[in-house]
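**Student:** structure for this input, please:
(chains A, B, C and D)
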Number of protein chains: 4
Amino acid sequence: MAGSTFGTIFRITTWGESHGAALGVVIDGCPAGLPLCEEDIQKYLDRRKPGASSIATPRKEDDKVEILSGVFEGKTTGTPISLMVRNTSQNSGDYSEIASYYRPGHADYTYDQKYGFRDYRGGGRSSGRETLGRVAAGAVACKILEQMGITVCAYTKTIGAIQADMKHFDRDAILQTPTAMPDRKADDDAISYLEGAKKQSNSVGGCMECIIEGVPSGVGDPVFEKLDANLAKAIMSIGAVKAVEIGDGYKVSFRFGTDNNDCFQMENGKVVKTTNHAGGILGGISDGSPIVIRAHVKPTPSIYTTQQTVNKSGENININIKGRHDPVIIPRAVVVMECMAALTILDAMLVNMSAKLEHVVDFYKK
Amino acid sequence: MAGSTFGTIFRITTWGESHGAALGVVIDGCPAGLPLCEEDIQKYLDRRKPGASSIATPRKEDDKVEILSGVFEGKTTGTPISLMVRNTSQNSGDYSEIASYYRPGHADYTYDQKYGFRDYRGGGRSSGRETLGRVAAGAVACKILEQMGITVCAYTKTIGAIQADMKHFDRDAILQTPTAMPDRKADDDAISYLEGAKKQSNSVGGCMECIIEGVPSGVGDPVFEKLDANLAKAIMSIGAVKAVEIGDGYKVSFRFGTDNNDCFQMENGKVVKTTNHAGGILGGISDGSPIVIRAHVKPTPSIYTTQQTVNKSGENININIKGRHDPVIIPRAVVVMECMAALTILDAMLVNMSAKLEHVVDFYKK
Amino acid sequence: MAGSTFGTIFRITTWGESHGAALGVVIDGCPAGLPLCEEDIQKYLDRRKPGASSIATPRKEDDKVEILSGVFEGKTTGTPISLMVRNTSQNSGDYSEIASYYRPGHADYTYDQKYGFRDYRGGGRSSGRETLGRVAAGAVACKILEQMGITVCAYTKTIGAIQADMKHFDRDAILQTPTAMPDRKADDDAISYLEGAKKQSNSVGGCMECIIEGVPSGVGDPVFEKLDANLAKAIMSIGAVKAVEIGDGYKVSFRFGTDNNDCFQMENGKVVKTTNHAGGILGGISDGSPIVIRAHVKPTPSIYTTQQTVNKSGENININIKGRHDPVIIPRAVVVMECMAALTILDAMLVNMSAKLEHVVDFYKK
Amino acid sequence: MAGSTFGTIFRITTWGESHGAALGVVIDGCPAGLPLCEEDIQKYLDRRKPGASSIATPRKEDDKVEILSGVFEGKTTGTPISLMVRNTSQNSGDYSEIASYYRPGHADYTYDQKYGFRDYRGGGRSSGRETLGRVAAGAVACKILEQMGITVCAYTKTIGAIQADMKHFDRDAILQTPTAMPDRKADDDAISYLEGAKKQSNSVGGCMECIIEGVPSGVGDPVFEKLDANLAKAIMSIGAVKAVEIGDGYKVSFRFGTDNNDCFQMENGKVVKTTNHAGGILGGISDGSPIVIRAHVKPTPSIYTTQQTVNKSGENININIKGRHDPVIIPRAVVVMECMAALTILDAMLVNMSAKLEHVVDFYKK
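**Tutor:** Purely as a prediction, here's the structure:
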């Protein structure tokens, strides 16, 4: 079915394969009047570009975005914004061998089972390049959120055994370090760690975190459209993510209630929470505190050690994967997490505008 | 917005407040021809009923379900199935005090912020009683899945520090122990642990796990409608869940690729995986292995120790919550997890029927 | 699939069969704070009640509505509003015969083809009683629209050869005449006309019109969610409607452009149209003029003359339909049209609140 | 909101403005395995191309389609199919004047009211060029329907006072005549009629009809997703359509039941209807007879006579529209109707596959 659409009011539809002609996204429901140019989007796309460091794949992907519709005289018109990136450096020859077998940890087998065959070049639609459309759309969502004083900030928290120290939180480091860690010391350690794994033809997992600040209280909907439920879906839909946490996450299962409840108190005439174990969401609705999400990402499945698998003729075989692959997914996934969080929050905010009848009546009295 | 609807083809809409006249669910899109009677649903509802043991709230909830539509001569007709449970034992007086303040860890504050006011009786729509509609609908989904040889089984894995030992897995124990643990020894230990917490007027968190066996490979959709993404949403939408894991979950972030990839091999002419770190899903699509999900649940926020909060006049106050509350949410949430998983899997399977053109053409040639 | 849900933000799900236990509707996404009681809904339901005159079926349907959720202390809470009407006067014995054959002009055959069998009692889900849920939900939509100065008014325009004269438009007559015509003279003529048809064991078609006044300009969305497209769907979904017109409708196909364009001019500092051939919608978006829709309704298919059909054994047979049937559908369908129009307009207005970025930013700055 | 998406399983999202960089469509949910090349789509796009005759706008639009994704080795893969047409011959200068005023019969005023401003070049998103995406997607839907023996055929029935004579029905003429009439004599007459209108700087309306043959019985859903309701929405969403009829359409309102009911009878062991007043749909579900729809289309609003309107400064002015405009919309809209009908039918058929439980169980037993 139609699995490539996300959102209710601010709705995006992504398309494109790793080695097809192009990839892109259509954003429908973007409010009219947002100043938007290609550079606004390009700077987000550049953050997921490979080739920047020794720990990333040496593949070169130019990823120049083109705005094809929905912007007139520099502003969004309210009609669909179509964004496209042409594939340029794809070398389909690298992948011809994998047509015949199923790579462990990849979606080769499941796509074949579902559709009967697959575009095997570089993973096709199941490639990490699929996230390009998410990031292009997320850049637009982030720009809108900024206008409301909302910031979305994701970063690498751990790579394998190496953890960023939040006491040394350095926001600039996120965009400057190869690991996207907010801690330059941990970045150094993580790079050594990754070099070690690379030498053993291995790959490494990690954890990324996203903090959303400035969301007013009252956003999100009861029951199935809870803000945390939609964030969980958004983040779990990123390839290789295997766990999603909100606030204190899995630690709550070991807690007592007295340690986990966040107390309310008045502060400068405003209701605030004295702690934020809940991660900014109560009953699925934002409470005004920072929203905190974490995602655990599996090691890159493309590894250079020999692996056992089966081929399409139903024979057990041993394979050695070739090509150019990141030893760790996280540093390039951080901007994808940021974008998916932004898309979810923005959509929930637009949907929320009709929650109170008095607001609806006021709106139309204007 | 309309947050109480879940699913695309098999679509449910729940309604009802803790202390309103009734709660219920409308199931639209249920295939025609399923034998269905009230007893099929009642046995699932009974699993979430309180009052069964010392560790559950002594509130008595009868929760007798009535089928109001969609079943004729004992079979589903394909039209909406309306299921209703009348509220009978609700004592609204217990809750009158909480109208004036915001309980820590509850949705009182966020509902007020969103809607301007709230039905404060027992949490209203944010009460755990909201899950009644989910369970009634899930019972129908489970019955359909059974006809296809699919079993969905959830249980309590940990309560606070006490963990069920999977080596002693005893399926019958899940329905028979007060904790819904599949290990009678752990159940005993957990009950002692909970008694200790109760004595300190405290509550406890825990972890529940769900295994879905028999789902054929090929179910789930790429990108945003990945099977794991929809499961994450479904499970995170259950009140008090703060983390969701698929397969090995958060542990993957500490792993090397060689330890995390599942190898394929032929077994009796079938493709199987030699391990199941992935939890039965690759690229968002089922791979034929058991699907494994875990959810981490916070301690019951209603605790009997004094807590600090604010009232609606904006004053800092201390409160002592009264009423009858479970010291741990998990044992009654297990059936909710089972039902949400079943609803997600079934819907994905119905949606999947048109994935291959040859199946579509065959279907209409009949 | 799930065919019983309508709307994006203000979303309704109806359920129930003609001769089941009850019928009802769940409204999800109703803004919080609307004063609402059962009487608000009952007065709309009473307009579709049969038994009021010689031209309507003598079946007695009490149709007492019960609000089961979503209203607290007399106001909507923002959570699902569940409305139910118990079936009381249904006499299933009347319909036992029709179980074995397909009534011409009814959905007996198509339901059997789709689902394999059907609830044959009184048409089951395909009965006109299905509209009860639409009317109950529409009553709530109308009450909200009223608060914004919007009125929705439907009436019978023609019954067979008899046409209401708009020059004698009498709004009170709509609720007072058996035909729901806004012209008492035409009502008299139509009743004679219907008596004639009844004597010949025949039934009659007709046309109904709906005028929506007060909708501000700018409501509706481009391309597929045009306001007229959604109105067409809403009205065509009412059983027995075979044509829908907007504004001058089918007459435009005989027109020249000079006669069909509506000119704009300034009037008291406002942009107005000098004519309203377009029926209040341009490019799918409201233009501030009254919105005008018409629906053409087929004659009641249940007629008392002998008809040819086939039975479930595949034999050609002649049948004589029994039971109590309206000789014309229109007078009771008028309130259904009014309600479907109201639901469509309200939903479009709620969706429209995020069209301009400046409104979104303003909203969240408050 | 997101108004540019249509369909549930076979879901399309169109984008693009008349004078932007490009227009296109993303098709998500297309079953895998359909042979598809650009020529399959191009031949449909060519049918809506202008410039072919004296009665069409002399604008030249090349409209070469490019498949950007979703097709691998000549077959659809089940993932999104992105189709794009670059704008090449657009002359934005022609439209600079209309930026300052509201053209009668166009969406200039309503877009400004909704969004605060508009892309005024050639109507932007409200231009007839928007249908390009619909036709590209519809070509794919038609190709799938063909594989199931279903044909969709639309044609011009009337242009102003000139009506095609169905007794002379000539299917080839539809693609060969400038008017898309299935009657060469009527085509000649219509051309003369149009020449007359052009001489008077006027435009003309008309009626188009679409016949869908081969749809099996049982397709479509009860209540709101009735097949006729969705067809009405699909067709009314085409710009300039002001009325939609199913089967005998508006004529039913003058009918008696005895003349309108279609009798069933057995024919070669199959249930058939002896007449088809219903137009192939009963209770919203296909009955196996041809599905018949008609649409009434208003005269082209861009006419060369002087018209009164207002400008953005709020002044009454007289205008003379320039540019190149069709004197009648219908001949180029016929293929759009065909495509919207195909999209609606195909989607309903895919959704319908899970109507019966036994089909679902059979499907997954394979």
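**Student:** from now on I want contacts and neighbour counts done on CA atoms only, so please keep to that.
**Tutor:** OK.
**Student:** can you pull the contacts of residue A:283?
**Tutor:** When contacts are counted by C-alpha atoms under 8 Å, 6 or more residues apart in numbering or on different chains, residue A:283 touches A:222, A:226, B:106, B:107, B:110, B:126, B:239, B:240.
**Student:** which ones among these map onto helices?
**Tutor:** residue B:110 (DSSP state H).
**Student:** is any part of the helix of greatest length in chain A close to chain D?
**Tutor:** For chain A, the helix with the greatest residue count under DSSP H is helix A:330-351. No. Judged by C-alpha under 8 Å from any C-alpha of the partner chain, helix A:330-351 and chain D are separated, with a smallest distance of 9.5 Å.
**Student:** do the helix or strand following that helix and chain D meet?
**Tutor:** As assigned by DSSP states H and E, the chain's next helix or strand after helix A:330-351 is helix A:357-365. No. For helix A:357-365, no contact with chain D is found by C-alpha under 8 Å from any C-alpha; the gap never falls below 12.2 Å.
**Student:** what's in contact with helix A:357-365?
**Tutor:** Here helix A:357-365 has contacts from A:353, A:354, C:31, C:32, C:33, C:34, C:147, C:148, C:216, C:350, C:353, using C-alpha under 8 Å, 6+ apart.
**Student:** the longest helix of chain A to helix C:330-351, inter-axis angle?
**Tutor:** Following axes from the mean of the first three to the mean of the last three C-alpha atoms, to 10 degrees, one obtains 130 degrees for the angle between helix A:330-351 and helix C:330-351.
**Student:** run a quick neighbour tally on the nearest residue to residue A:291 once chain neighbours are set aside.
**Tutor:** Nearest residue to residue A:291 in three dimensions, chain neighbours excluded: residue A:280, at 4.4 Å (C-alpha to C-alpha, 6 or more residues apart in numbering or on different chains). Applying other C-alpha atoms under 10 Å in any protein chain shown, we find 27 residues neighbouring residue A:280.
**Student:** which residues touch residue A:280?
**Tutor:** A:247, A:286, A:287, A:288, A:289, A:290, A:291, A:292.
**Student:** and those residues, which is closest to residue D:198?
**Tutor:** Nearest to residue D:198, judged by C-alpha to C-alpha, of those is residue A:286 at 61.1 Å.
**Student:** ok, the closest one touching residue A:215?
**Tutor:** Yes. Residue A:286 is in contact with residue A:215 according to C-alpha atoms under 8 Å; the separation is 7.2 Å.
**Student:** look at these two and report which has more neighbours.
**Tutor:** residue A:286 (30 against 24).
**Student:** any idea of the pLDDT on that one?
**Tutor:** pLDDT, residue A:286: 98.
**Student:** ok, now which ones touch it?
**Tutor:** A:215, A:216, A:217, A:218, A:219, A:220, A:227, A:280, B:110.
**Student:** checking the second one next. Helix, strand or coil?
**Tutor:** If I follow you right, that is residue A:216. coil (DSSP: H, G, I helix; E, B strand; the rest coil).
**Student:** what's the spacing between the closest residue to it other than its chain neighbours and chain D?
**Tutor:** Of all residues not flanking residue A:216 in the chain, residue A:288 sits nearest, at 5.0 Å (C-alpha to C-alpha, 6+ apart). The spacing between residue A:288 and chain D, counted by C-alpha to the nearest C-alpha, to the nearest Å, is 26 Å.
**Student:** hmm, residue A:288 is touching residue A:219, no?
**Tutor:** No. Using C-alpha under 8 Å, residue A:288 makes no contact with residue A:219, being 9.1 Å away.
**Student:** ok, which stretches of chain A are helices?
**Tutor:** Under DSSP H, chain A gives helices at A:38-47, A:108-115, A:131-147, A:171-176, A:184-199, A:227-236, A:257-260, A:330-351, A:357-365.
**Student:** ok so, going back, and residue A:288 and residue A:219? which has more neighbours close in?
**Tutor:** residue A:219 (29 against 22).
**Student:** can you pull the contacts of that one?
**Tutor:** Counted by C-alpha under 8 Å, 6+ apart, residue A:219 has contacts A:227, A:285, A:286, A:348, A:349, A:352, B:114.
**Student:** quick one: which of those residues has the most company?
**Tutor:** Of the contacts of residue A:219, with other C-alpha under 10 Å as the count, residue A:286 tops at 30 neighbours.
**Student:** what's the spacing between that residue and chain C?
**Tutor:** 14 Å.
**Student:** can you pull up the bridge partners for that residue?
**Tutor:** residue A:281 (DSSP bridges).
**Student:** roughly how far does residue A:237 sit from chain B?
**Tutor:** 5 Å.
**Student:** what does the pLDDT read for the closest residue to that residue other than its chain neighbours?
**Tutor:** Nearest residue to residue A:237 in three dimensions, chain neighbours excluded: residue B:229, at 4.9 Å (C-alpha to C-alpha, 6+ apart). On the pLDDT scale, residue B:229 is placed at 98.
**Student:** same deal with residue A:326?
**Tutor:** 86.
**Student:** that one reaches residue A:301, doesn't it?
**Tutor:** No. Applying C-alpha under 8 Å, one finds residue A:326 not in contact with residue A:301, separated by 9.7 Å.
**Student:** the two: who's more crowded?
**Tutor:** Taking other C-alpha under 10 Å, residue A:326 and residue A:301 do not tie; residue A:301 has more neighbours (27 against 24).
**Student:** that one and residue B:262 touch, don't they?
**Tutor:** No. Using C-alpha under 8 Å, residue A:301 makes no contact with residue B:262, being 9.4 Å away.
**Student:** what touches both of the two?
**Tutor:** A:104, A:105.
**Student:** for the closest residue to chain B within the stretch 1-150 of chain A, which non-adjacent residue is spatially closest?
**Tutor:** Minimum separation of the stretch 1-150 of chain A from chain B (C-alpha to the nearest C-alpha) falls at residue A:114, amounting to 4.0 Å. Leaving aside its chain neighbours, residue A:114 sits nearest to residue B:218 (4.0 Å; criterion: C-alpha to C-alpha, 6+ apart).
**Student:** contacting residues for the one you found?
**Tutor:** With C-alpha under 8 Å, 6+ apart, residue B:218 has these contacts: A:110, A:111, A:112, A:113, A:114, A:115, B:285, B:286, B:287, B:288.
**Student:** deepest in the core, which of the helices of chain A is it.
**Tutor:** Per-stretch averages of neighbours, counted by mean count of other C-alpha atoms under 10 Å in any protein chain shown, single out helix A:227-236 among the helices of chain A, with a mean of 30.
**Student:** other residues contacting it?
**Tutor:** A:219-221, A:241-246, A:281, A:284-286, A:295, A:337, A:340-341, A:344-345, A:348, B:224, B:228-237, B:244.
**Student:** can you rerun that using 6 Å?
**Tutor:** Contacts to helix A:227-236, defined as C-alpha atoms under 6 Å, 6 or more residues apart in numbering or on different chains, come from residues A:220, A:284, A:285, A:340, B:229, B:230, B:232, B:233, B:236, B:237.
**Student:** still on that earlier bit, looking at the contacts of residue A:286, which is nearest residue C:5?
**Tutor:** Of those, the one sitting nearest to residue C:5 (C-alpha to C-alpha) turns out to be residue A:220, at 21.5 Å.
**Student:** what's around that closest one, how many residues?
**Tutor:** Around residue A:220 there are 32 other residues, counting by other C-alpha under 10 Å.
**Student:** what of the one 4 residues further on?
**Tutor:** Here the number of neighbours of residue A:224 (other C-alpha under 10 Å) works out to 27.
**Student:** so who does it touch?
**Tutor:** B:3, B:4, B:237.
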